[in-house]
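A.B. asks: missing the sequence, but the structure's below:
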(Lines give C-alpha, C1' and ligand atoms only; values in the text may rest on other atoms or scores of the structure.)
Protein backbone atom coordinates (compact mmCIF):
# COMPACT_ATOMS: atom_id res chain seq x y z
CA UNK A 1 0.00 0.00 0.00
CA UNK A 2 1.18 3.52 -0.60
CA UNK A 3 0.39 6.72 1.24
CA UNK A 4 0.65 10.36 0.27
CA UNK A 5 2.00 11.82 3.51
CA UNK A 6 5.64 12.96 3.67
CA UNK A 7 8.04 10.21 4.78
CA UNK A 8 5.47 7.41 4.65
CA UNK A 9 7.94 4.96 3.15
CA UNK A 10 10.10 4.97 6.29
CA UNK A 11 7.39 5.49 8.93
CA UNK A 12 7.51 1.88 10.07
CA UNK A 13 8.53 2.03 13.74
CA UNK A 14 6.43 0.30 16.42
CA UNK A 15 4.78 2.17 19.29
CA UNK A 16 6.77 2.68 22.48
CA UNK A 17 3.70 3.41 24.62
CA UNK A 18 1.83 0.27 25.73
CA UNK A 19 -1.39 2.28 25.98
CA UNK A 20 -1.34 2.40 22.18
CA UNK A 21 0.03 -1.09 21.52
CA UNK A 22 -2.81 -1.83 19.08
CA UNK A 23 -1.24 0.60 16.63
CA UNK A 24 1.36 -1.12 14.48
CA UNK A 25 3.14 1.80 12.72
CA UNK A 26 2.61 5.49 11.90
CA UNK A 27 1.04 4.29 8.64
CA UNK A 28 -1.52 2.31 10.66
CA UNK A 29 -2.08 5.36 12.88
CA UNK A 30 -2.74 7.46 9.76
CA UNK A 31 -5.41 4.97 8.70
CA UNK A 32 -7.06 5.18 12.11
CA UNK A 33 -6.88 8.97 12.31
CA UNK A 34 -8.38 9.23 8.83
CA UNK A 35 -11.61 8.01 10.41
CA UNK A 36 -11.35 10.52 13.31
CA UNK A 37 -10.07 13.80 11.86
CA UNK A 38 -12.98 16.17 11.44
CA UNK A 39 -13.91 19.85 11.46
CA UNK A 40 -13.98 19.72 15.29
CA UNK A 41 -10.33 18.60 15.43
CA UNK A 42 -9.28 21.19 12.82
CA UNK A 43 -7.68 24.43 14.00
CA UNK A 44 -10.50 27.00 14.25
CA UNK A 45 -8.73 29.48 11.96
CA UNK A 46 -8.58 26.81 9.22
CA UNK A 47 -12.03 25.23 9.53
CA UNK A 48 -13.28 27.07 6.46
CA UNK A 49 -10.84 25.01 4.36
CA UNK A 50 -11.52 21.67 6.03
CA UNK A 51 -13.38 19.05 4.00
CA UNK A 52 -13.56 15.25 4.17
CA UNK A 53 -11.38 15.27 1.05
CA UNK A 54 -8.79 17.45 2.83
CA UNK A 55 -9.08 15.78 6.24
CA UNK A 56 -5.53 16.66 7.37
CA UNK A 57 -6.23 20.42 7.10
CA UNK A 58 -5.51 22.11 10.43
CA UNK A 59 -4.63 18.88 12.25
CA UNK A 60 -0.83 19.17 12.42
CA UNK A 61 0.10 20.07 16.00
CA UNK A 62 -2.44 17.89 17.78
CA UNK A 63 -1.54 14.98 15.49
CA UNK A 64 2.23 15.49 15.87
CA UNK A 65 2.03 15.51 19.67
CA UNK A 66 -0.17 12.42 19.63
CA UNK A 67 2.40 10.72 17.38
CA UNK A 68 5.07 11.70 19.92
CA UNK A 69 3.02 10.10 22.72
CA UNK A 70 2.76 6.88 20.75
CA UNK A 71 6.14 6.56 19.00
CA UNK A 72 8.43 8.95 20.91
CA UNK A 73 10.83 11.24 19.11
CA UNK A 74 10.53 14.98 18.70
CA UNK A 75 8.08 17.39 17.15
CA UNK A 76 9.48 20.00 14.78
CA UNK A 77 7.85 22.94 13.05
CA UNK A 78 8.20 24.59 9.67
CA UNK A 79 7.63 28.33 9.94
CA UNK A 80 4.76 29.34 7.68
CA UNK A 81 3.66 32.69 6.34
CA UNK A 82 1.80 34.48 9.13
CA UNK A 83 4.12 33.20 11.85
CA UNK A 84 2.48 29.84 12.55
CA UNK A 85 4.33 26.53 12.51
CA UNK A 86 3.40 23.40 10.63
CA UNK A 87 4.31 20.48 12.91
CA UNK A 88 5.71 17.08 11.98
CA UNK A 89 7.65 14.26 13.68
CA UNK A 90 11.15 12.85 13.74
CA UNK A 91 11.50 9.45 15.40
CA UNK A 92 14.85 7.62 15.44
CA UNK A 93 16.13 9.93 12.70
CA UNK A 94 13.11 9.33 10.46
CA UNK A 95 11.07 12.41 9.53
CA UNK A 96 7.41 11.95 8.64
CA UNK A 97 4.41 14.22 8.49
CA UNK A 98 0.99 12.59 8.78
CA UNK A 99 -0.73 15.87 7.87
CA UNK A 100 1.38 17.02 4.90
CA UNK A 101 -1.36 16.25 2.37
CA UNK A 102 -3.17 19.45 3.33
CA UNK A 103 -0.60 21.39 1.30
CA UNK A 104 -1.35 19.62 -1.98
CA UNK A 105 1.58 19.92 -4.38
CA UNK A 106 3.49 22.47 -2.26
CA UNK A 107 6.93 21.16 -1.30
CA UNK A 108 7.74 21.89 2.35
CA UNK A 109 11.28 22.41 3.65
CA UNK A 110 11.79 19.77 6.33
CA UNK A 111 15.40 20.88 6.92
CA UNK A 112 14.93 24.45 8.16
CA UNK A 113 12.90 23.63 11.28
CA UNK A 114 12.49 24.48 14.95
CA UNK A 115 11.70 22.03 17.75
CA UNK A 116 8.18 22.44 19.08
CA UNK A 117 6.95 21.88 22.63
CA UNK A 118 3.51 20.85 23.81
CA UNK A 119 3.64 23.30 26.72
CA UNK A 120 3.70 26.16 24.21
CA UNK A 121 1.10 24.71 21.85
CA UNK A 122 -1.26 23.53 24.57
CA UNK A 123 -1.16 26.88 26.34
CA UNK A 124 -4.02 27.56 23.92
CA UNK A 125 -6.96 25.91 25.63
CA UNK A 126 -8.79 25.12 22.39
CA UNK A 127 -5.74 23.28 21.06
CA UNK A 128 -5.36 21.24 24.24
CA UNK A 129 -9.06 20.35 24.04
CA UNK A 130 -8.77 19.29 20.38
CA UNK A 131 -5.75 17.13 21.26
CA UNK A 132 -7.59 15.46 24.15
CA UNK A 133 -10.59 14.81 21.91
CA UNK A 134 -8.40 13.28 19.18
CA UNK A 135 -6.59 11.08 21.71
CA UNK A 136 -9.83 9.96 23.39
CA UNK A 137 -11.40 9.03 20.05
CA UNK A 138 -8.29 7.08 19.06
CA UNK A 139 -8.30 5.16 22.36
CA UNK A 140 -12.03 4.50 21.99
CA UNK A 141 -11.45 3.08 18.49
CA UNK A 142 -8.58 0.94 19.76
CA UNK A 143 -10.82 -0.45 22.51
CA UNK A 144 -13.31 -1.50 19.83
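C.D. replies: That came through fine. Remember, it's a predicted structure, so these values are computed and weren't measured experimentally.
A.B. asks: quick one: the strands in the protein?
C.D. replies: In chain order, the chain shows strands spanning 74-79, 85-91, 94-96, 114-116, with DSSP state E as the criterion.
A.B. asks: let's check: the centremost residue of this protein is which one?
C.D. replies: residue 63 (2.6 Å; Cα atoms, centre = their mean).
A.B. asks: model confidence score at that one, please.
C.D. replies: The score at residue 63 is 98. That number is its pLDDT.
A.B. asks: on that earlier part again, out of the strands of the chain, nearest to residue 38?
C.D. replies: For these, the distance to residue 38 is smallest for strand 85-91, at 18.5 Å, taking Cβ to Cβ. (Each C-beta comes from the backbone N, C-alpha and C, glycine too.)
A.B. asks: contacting residues for the residue lying closest to residue 59 once chain neighbours are set aside?
C.D. replies: Residue nearest to residue 59 in three dimensions, not counting chain neighbours: residue 99, with 4.9 Å by Cβ to Cβ, 6 or more residues apart in numbering. Residues in contact with residue 99, defined by Cβ atoms under 8 Å, 6 or more residues apart in numbering, are 5, 56, 59, 60, 63, 64, 86, 87, 88.
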